[in-house]
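Novice: Pasted the sequence and its predicted model underneath.
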Amino acid sequence: MNVKESLSNALAPLCQTDAGELTEWFEIPRKADMGDLAFPCFRLSRSMRKAPPVIAAELKERLVLPVGVAKAEAVGGYLNFFVDAAAKASSVLGKVLAERDRYGASSVGEGKTVCVEYSSINIAKPFGFHHLPTTAIGNALYRIYRFLGYKTVGINHLGDWGTQFGKMITAYKLWGTKPIEDYSIRELVALYVRFHEEAEKDPSLNDTARAWFHKIETGDPEALELWSKMKDGTIREVKVTYARMGVDFDSWAGESFYEDKMPAIIRELREKGISKLDQGAEIVDLSEWNMPPCIIVKSDGSTIYATRDIAAACYRKETYDFYKSLYVVAYQQDLHFRQFFKVLELMGRDWVKDCVHVNFGMVSMEDASFSTRSGNILYLDDILQAAVDKTYAIICEKSPSLEDKQSAAEAVGIGAILWSVLYNNRIKDVSFTWDKILNFDGETAPYVQYTHARCCSVLRKAPQTDHAAANAALLDDPYSQALLTAIEAFPDAVLSAAEKYEPYVISRSLIAVASAFNKFYYEQRIMADDPKVQAARLALAEATRLVLKNGLNLLGISAPERM
RNA sequence: GUCUCCGUAGCUCAGCAGGAUAGAGCAUUCGCCUCCUAAGCGAAAGGCCGCGCGUUCGAAUCGCGCCGGGGACGCCA
């Protein structure tokens, strides 16, 4: 039983209110000096026919404080409780040191599967800067749900189908100079650009392209092989970039994968009378829900992304029997998701309530020095590399004696980039400037990483001790207590992040822990003269290290031990 | 035009299943390294929480209406 519950049980008879309900009432006071838990008495004023401050004062008089609560204070309409410092220190520290890299984890998701569609790049197209939010947020959610015990399925819904592949093959056949598998993405993009230039002069190229795509569709061996090699080459190349960001997928099933799964959907929509013909196309009329129609089959007879998304959703339900299916896709597609979710509902797929469009804002690059590289295209890899290079220079300046500067620069530079889309509400647009990204002061990934490295440094220099054996009661000073409070809040932050599909909840929690540790570090000497105090503070540093590492890991950001 | 999201300090943002004197970071100014990583710590300054009305004992938080901005709106994804 935790402190909240025992307080609720003690308060229940005095308030004549159910203890379970009272548990929900507790708040965290705005400031630490107001206590650890606040009990608002406003809601009792009607039933008890007294003013809230009077109730608070009376409760304070009559309440017998349960074990673990040191004192109560009536302030205005609140009854504030101060938990026993030693009890708190020992329970928090004990939990973290016992659970270690599982601290903050849970088994709430046991037996449930969560699908996360994210990143979703196009084959033979740049892996661009604009893919950063979906990749970083999707990866974080994937890791968060896995940490909570869910079975997770990360899906990269590849853009690997369409007439552009006919164009690619046409261009390759005309101007290709080496085996297609040897082409890098940038070279494939150059071929594509050339195709469009030449097609301006010679429109017949477009017919050739259509013919090639038709060959892919009908299974012509040569066309299929070229297409397949382009796809393999792209995946091989992007995997390098994904690896730098700690990203991986369980499924690379893209648009082509659902080609043979759409006819059944189209047929069902017709048979159930959900779709109808309109202006030569098959649509689902959604005017009843104040939405434009959802196009299922175009007037030329071909399918469209809504059809594919419906087929994909059904496939995922059948294959994974998901508890939730997340789509980490920009808010520009809000309407599209509302539309095809509604169509699924009309088809009687009640599980569509478990499908969630996890939308996010736009990223833009303000820095003019960058927008010219590679033409108008900003490759994500270039951004990552530039951040790593600049970080390397900063490390040379700040930590000249560091041995492995390169790997620290990799961790910190990429961490800073990922952080930029993981520390605010998803819906916020992010505009990039190097000044902002490479400012490593304050609420940033490098700040958290730095704090982690500080913990590691102290622990490295200290004699090896059994942290679990330390006397936590000695951590009764306000700085240690504030740090313990921040550490204690971490598991709830993980749960909340999952509930809201918002990784930033974890980012903010890490900032709180790091900030509390740095204050503690400044005010209290960890390597204190008293060996018992020293042992307790080392245990606290170890707990801090573990929390920061776990949290960064959930965000897909690495935690170097030195920087 | 319709739908939708957003509007909190100079800037970027937390807070919003209603509750205490609205909080951070950056930038600015001023302090702190003979001691565990100064990528740190402290202090100052900075606010009609877009505007109005309503609900409530109580509104940054809920409702309605304006204003301002982003996005989407039938054969791209």
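Specialist: Great, that's in hand.

Novice: what residues are up against the spatially closest residue to residue A:251 that is not a sequence neighbour?
Specialist: Among residues not flanking residue A:251 along the chain, residue A:155 sits closest, at 4.6 Å (CB to CB, 6 or more residues apart in numbering). In this view, the C-beta of every residue, glycine as well, is placed from N, C-alpha and C. For residue A:155, the contacting residues are A:115, A:116, A:117, A:118, A:249, A:250, A:251, A:252, A:253, A:316, by CB atoms under 8 Å, 6 or more residues apart in numbering.

Novice: and if we set it to 7 Å?
Specialist: Counting by CB atoms under 7 Å, 6 or more residues apart in numbering, residue A:155 touches A:115, A:116, A:117, A:249, A:251, A:253.

Novice: which residues touch the residue nearest to the spatial centre of chain A?
Specialist: Centroid check for chain A by CA atoms, centre = their mean gives residue A:140 as the closest residue, at 3.0 Å. Counting by CB under 7 Å, 6+ apart, residue A:140 touches A:422, A:503, A:554, A:555, A:556.

Novice: Try it again at 6 Å.
Specialist: A:422, A:503, A:555, A:556 (CB atoms under 6 Å, 6 or more residues apart in numbering).

Novice: Is there a quick PyMOL command that grabs whichever of the residues you listed are buried?
Specialist: Selection of the buried residues among those in PyMOL, burial being defined by 16 or more other CB atoms under 10 Å:
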select buried, chain A and resi 422+503+555+556
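
Novice: with the contacts of residue A:140 in mind, which one is nearest to residue A:95?
Specialist: Minimum distance to residue A:95 across these is 21.7 Å, recorded for residue A:555 (CB to CB).

Novice: Please tell me how far the residue nearest to residue A:366 when sequence neighbours are not counted sits from residue A:557.
Specialist: In this structure, residue A:366 finds its nearest non-sequential neighbour in residue A:433, 4.8 Å apart by CB to CB, 6+ apart. Plainly put, residue A:433 is 20 Å away from residue A:557 if you go by CB to CB, to the nearest Å.

Novice: who has more neighbours, these two?
Specialist: Each of residue A:433 and residue A:557 has its neighbours counted (other CB atoms under 10 Å); residue A:557 has more, 27 against 14.

Novice: where's the residue lying closest to that one once chain neighbours are set aside relative to residue A:239, distance?
Specialist: Nearest residue to residue A:557, sequence neighbours excluded (CB to CB, 6+ apart): residue A:415, at 4.3 Å. As for residue A:415, its distance to residue A:239 is 20 Å (criterion: CB to CB).

Novice: Of those two, give the one with the bigger neighbour count.
Specialist: More crowded of residue A:415 and residue A:239, by other CB under 10 Å: residue A:415, with 29 against 14.

Novice: and the host helix or strand of the more buried one, anywhere near RNA strand B?
Specialist: Assigned by DSSP states H and E, residue A:415 belongs to helix A:405-420. Yes. On the criterion CB under 7 Å from any atom of the strand, helix A:405-420 is in touch with RNA strand B at A:408, A:412.

Novice: List of residues touching that helix?
Specialist: Here helix A:405-420 makes contact (CB under 6 Å, 6+ apart) with A:136, A:244, A:384, A:387-388, A:391-392, A:395, A:430, A:437, A:444-446, A:449, A:557-558, A:560, A:563.

Novice: Who are the contact partners of residue A:106?
Specialist: Counted by CB under 6 Å, 6+ apart, residue A:106 has contacts A:148, A:149.

Novice: Kindly list the main-chain dihedrals of it?
Specialist: When quoted as degrees, to the nearest 10, the phi and psi of residue A:106 stand at phi -160, psi 170.

Novice: Please apply the same query to residue A:277.
Specialist: Per-residue torsions, residue A:277: phi -80, psi 140 (degrees, to the nearest 10).

Novice: Quick check: the nearest residue to it once chain neighbours are set aside vs residue A:311, distance?
Specialist: Sequence neighbours aside, residue A:283 is the residue nearest to residue A:277 in space, at 7.9 Å (criterion: CB to CB, 6+ apart). As judged by CB to CB, residue A:283 and residue A:311 stand 17 Å apart.
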